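[1] Structure here, sequence nowhere to be found:
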């Protein structure tokens, strides 16, 4: 609340939007952020959010790719490349002039590749255990 009141006009002028309700834009850098001009503050916090968002999904992507890659290495590698490119588009969009709204172009391919890798790892995992054979699939 205090941050929103203090920087509201400056943030609105710089980014074109205000902080949303429940946002936590200063992830533990309050003392440092006080010393930064608003544009540098925005750059640091957006970069930190982009990195955090990437790391949040990295473990599951690696696990899904390892499981699925045992059975279909070439298609899984291709999906991995799509995921990396979409992640870069997502990050570039977030850092661009549209702010958080610019993420939309990378979100679709990211979600599809994550979901596809999840489904393929479940399928190949069940196939590896023999459950699919016992069901006649």
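    Sure, I can see it. None of the values given here were measured: they were computed from a predicted structure.
[2] Longest helix in the protein, please.
    helix 38-69 (DSSP state H).
[3] where exactly do the helices run in the protein?
    Using DSSP H, helices in the chain cover 2-15, 30-33, 38-69, 73-95, 104-129, 131-134.
[4] Are there helices or strands packed against the fifth one, and which ones?
    To tie it back to what came earlier, the one meant is helix 104-129. Counting contacts by 3 or more Cβ pairs under 8 Å, 6 or more residues apart in numbering; DSSP states H and E, helix 104-129 is packed against helix 38-69, helix 73-95, helix 131-134. From N, CA and C alone the C-beta is placed, and that goes for glycine too.
[5] Show me the contact partners of the last one.
    Contacts of helix 131-134 with the rest of the structure, by Cβ atoms under 8 Å, 6 or more residues apart in numbering, involve 123, 126-127.
[6] let's go with 10 Å and repeat that
    123-127, 137 (Cβ atoms under 10 Å, 6 or more residues apart in numbering).
[7] Check which residues of stretch 65-75 are buried.
    65, 67-69 (16 or more other Cβ atoms under 10 Å).
[8] hmm, I was thinking of stretch 111-122
    Per 16+ other Cβ under 10 Å, stretch 111-122 contains these buried residues: 113-114, 116-118, 120-121.
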